[in-house]
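Participant: this is a predicted model, with the sequence first.
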Amino acid sequence: MKSTLRIRPLFGLVFAYFLCSATGAFGQGTGAIGGTVTDALSGDHLASITVRLWNEDASTFVTDQTDENGVYRFAGLTAGTFFPVTFDAVYADEDLAGAFCWNGGGDPSDSPRACDPSDGEAVALLDGEVVTDADFTLREAGKISGQVIAAATTDPVSGPSVQIFDDQGNLLAERDLAADGTYEFDRLFEASYFMRATVGDFLAELYDALWCPNPAVGLCDPVLGTPIAVIFGQTTPGIDFALDMPGSLTGMVIGEDSGEPLRAAQVEVFDNLGRRLDTATTTSEGTFETGPLVPGNYYLLTSAVTYLSEVYSDLSCALETCDPLSGAAILVNPETPTAVPTIALETAGSVTGQVVDSISGAGIPGARVELLFGDTLISEATTLGDGTYTLNGVPTGTYVVTADAPNYGKQIFDGVDCDGDFCDNNQAMPVSVTEGTDVPDIDFALTSFLVFNCEPSAIALCLNHGRFQVTANWENPRDNALGLAFADSLTDDTGTFYFFAEDNVELVIKVLDACAEATPAYWVFAAGLTNVEVEIQVVDTWTGTTWLGGNSFGIPFVPIQDTGAFLTCDAAPPTNARPAPERATAEAPISLVAGGALQSFDRPGGLGGNCTPSPNRLCLQGGRFAVEADWETLSGDSGLAGAVELTPESGYFWFFDQENVELLVKVLDACNLDPFYSYWVFSTGLTNVEVLIRVTDTATGEMMEYENPQGTAFQPRFDTGAFSPPGECVPPNV
């Protein structure tokens, strides 16, 4: 409980003072605070004692030192509340009430337990008031000293570090060791303390001679050591440590059937209380070595993808049900590694499948799939971006498989909906697994219990399970032309628009659910293959929130990647909402004012092509032009883009997930269009990874490449001179 000291004013005395800084309440007024500092035992006035005067919120302080009479003084103070605290290397730091204030409340880097000065006794200063009896009676601080040596050699140990703790286990300070292994803690109040040494590769140790299991994971409670009594004005010597080198476990993990070493297997180490102390990962040769271990008994649990987990020694189990303490203990000795006999893992069974939305058919990322034996969880997995999953490490047996996802109802295989979180496993179709084999096609179609107001139409997309309605319009001021854009849904979160002709895709938009990110939001990405004026409107039908974006006339569509478009992740569904709609494709175009854009040209006599379409290749313009793309992320992941044809002139590519459109490319025939006389290549993207697009004219062998640099939002490319085949794309009369 804070108390406030009201000090009797004393006028007519003049004190010398020193201010380190003058901000806010300091150096702006006519008030002053001062007092005398004396030794608690002798009563002598103490010179050269530093006093810190803190402001009301303990954010700023000024300092003064006592003179030969033990007097300090702070002048130039405005009215307010102040907290004086001493700070000295010999005498224990105190506040006005005589309470211990470690480090004078200063920089916590000198002590993690630097006190809060505002917890001390305050001086309430009136405007123009001078107070002089804010006195301190100090006691000479206690000390602890000792030496650290290596137990095996008795040689001194130097370097970091020795730590001191209070009786609550709070770290007060730490010291590095001198070259001769000695250390000293000063400025200690009279109390009991605890010490720990953590030096280099040695075992961490509590005083007196008590090994720490593993401070790195919090398994070393300082107050389990021997308390060390400190008395004011005295040094407590001989607090010494003799440190041991740790032991470790080494070994190899192989596949039992093949005898081949297993890379990236996990070997977990547990103590006799079941606490995980360390995890080692096998090398490409299948070998492992644990981190430093305190001598004693330990238990091992080994696991690897597609293999059954195993408790040492040779007790196979499903990972979720393994009890490390059911196995045999391994004794670890100090100083040297302990060899573990080779661990041979049995090949496990697996279950694979996909979890999709029952209406859209889109894969549901982040869904949880569980494999149960009775009520016991044997294995679990989280679906990838396309909704696929793999349950690994499954022993031979018959199981129930369930799936659920946020905003969806839970389901048991095959197709039985649960009542909330309760599933009647008697209605489940059993899934039988045999070790060494995979059970495929354990699929789920979950029903969303979200509801929406979006109504898909020829001019409106309904994205992200139908929550977001997207429309667009365009304008070409040069030709006095304008109109509505026509919508075509591609995936649950992505769609395209065309302006002038159904085969001529102009715009691609996606609304992504990033509610699981650090800043929860729905993202809006848009890219275009146009330079007319475009306005895009995206409406969150739950909240009525509207996002607007677009492009100015005369410039290639500037890509949009707005990761804060809708901060509405926590919004509740509207009460008048309807069930989620099915994906819709645009109906026949309605009338609009045409103009200002390239149309397709019927031009007989063009050269033929021999492009063969594939999952990674588009064949456009009657199979004449082959289009492929490579991608690479900042982390070094790379691959061929997956290709999907949209129209005879255009298509899109995906990189990581078939539902996630990343790139749009179209090839237009402008061989007869003055003044171009060429084939055009337009491309745009919804990505910022490195991309290389290759467009090949299979009739002539000519190839064009278009690159997007790493970390840059994909800028649209409008190459209106890409291909001009001789004898084909030439002006009349030439």
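Facilitator: Good, I have the coordinates.
Participant: state the distance from the closest residue in space to residue 558 that isn't next to it in sequence to residue 73.
Facilitator: Take residue 558 and drop its neighbours on the chain: the residue closest to it by C-beta to C-beta, 6 or more residues apart in numbering is residue 551, 6.0 Å away. (Each C-beta comes from the backbone N, C-alpha and C, glycine too.) Residue 551 sits 69 Å away from residue 73, going by C-beta to C-beta, to the nearest Å.
Participant: over to residue 538?
Facilitator: Distance from residue 538 to residue 73, by C-beta to C-beta: 67 Å.
Participant: ranges for the strands of the stretch 501-650 of the chain?
Facilitator: Using DSSP state E, counting those that start in this stretch, the strands of the stretch 501-650 of the chain run over 505-514, 521-528, 533-540, 546-551, 560-566, 578-579, 618-620, 625-632, 638-640, 642-645, 650-654.
Participant: so where do the strands sit in the stretch 101-250 of the chain?
Facilitator: Going by DSSP E, counting those that start in this stretch, the stretch 101-250 of the chain shows strands at 122-125, 130-131, 136-138, 142-150, 159-165, 171-177, 182-188, 191-197, 205-206, 210-211, 228-230, 235-236, 241-243, 248-255.
Participant: could you spell out the sheet neighbours of the third one, each with its direction?
Facilitator: Right, the one you point to is strand 136-138. Strand 136-138 sits in its sheet next to strand 26-39 (parallel), going by DSSP bridges.
Participant: ditto for the first one
Facilitator: Its sheet considered, strand 122-125 pairs with strand 4-5 (parallel), strand 80-87 (antiparallel) by DSSP bridges.
Participant: distance from the chain centre to the last one, please.
Facilitator: In other words, strand 80-87. 42 Å (C-alpha atoms, centre = their mean, to the nearest Å).
Participant: just want the angle from that strand to strand 182-188.
Facilitator: 140 degrees (axes from the mean of the first three to the mean of the last three C-alpha atoms, to 10 degrees).
Participant: residue 33 touches residue 78, doesn't it?
Facilitator: No - between residue 33 and residue 78 there is no contact under C-beta atoms under 8 Å: 11.6 Å.
Participant: mind checking how far the nearest residue to residue 378 once chain neighbours are set aside is from residue 371?
Facilitator: Using C-beta to C-beta, 6+ apart and skipping residues adjacent in sequence, the residue nearest residue 378 is residue 318, 4.2 Å away. Using C-beta to C-beta, residue 318 is found at 8 Å from residue 371.
Participant: try residue 348
Facilitator: Counting by C-beta to C-beta, the separation of residue 348 from residue 371 is 12 Å.
Participant: kindly report the same for residue 354.
Facilitator: From residue 354 over to residue 371 the distance is 15 Å, taken as C-beta to C-beta.
Participant: out of those two, which sits in the busier spot?
Facilitator: Neighbour count, other C-beta atoms under 10 Å: between residue 354 and residue 371, residue 371 has more, with 27 against 21.
Participant: tell me, what's touching residue 348 and residue 371 both at once?
Facilitator: residue 394 (C-beta atoms under 8 Å, 6 or more residues apart in numbering).
Participant: adding mean pLDDT, write the strands of the stretch 501-650 of the chain out as TSV.
Facilitator: TSV is the format used below for the strands of the stretch 501-650 of the chain (pLDDT from 0 to 100):
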stretch	mean pLDDT
strand 505-514	89
strand 521-528	91
strand 533-540	90
strand 546-551	88
strand 560-566	89
strand 578-579	56
strand 618-620	91
strand 625-632	92
strand 638-640	89
strand 642-645	89
strand 650-654	88
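Participant: out of these, nearest to residue 719?
Facilitator: With C-beta to C-beta as the criterion, residue 719 lies closest to strand 625-632 of the strands of the stretch 501-650 of the chain, at 12.4 Å.
Participant: number of residues surrounding residue 179?
Facilitator: Applying other C-beta under 10 Å, we find 8 residues neighbouring residue 179.
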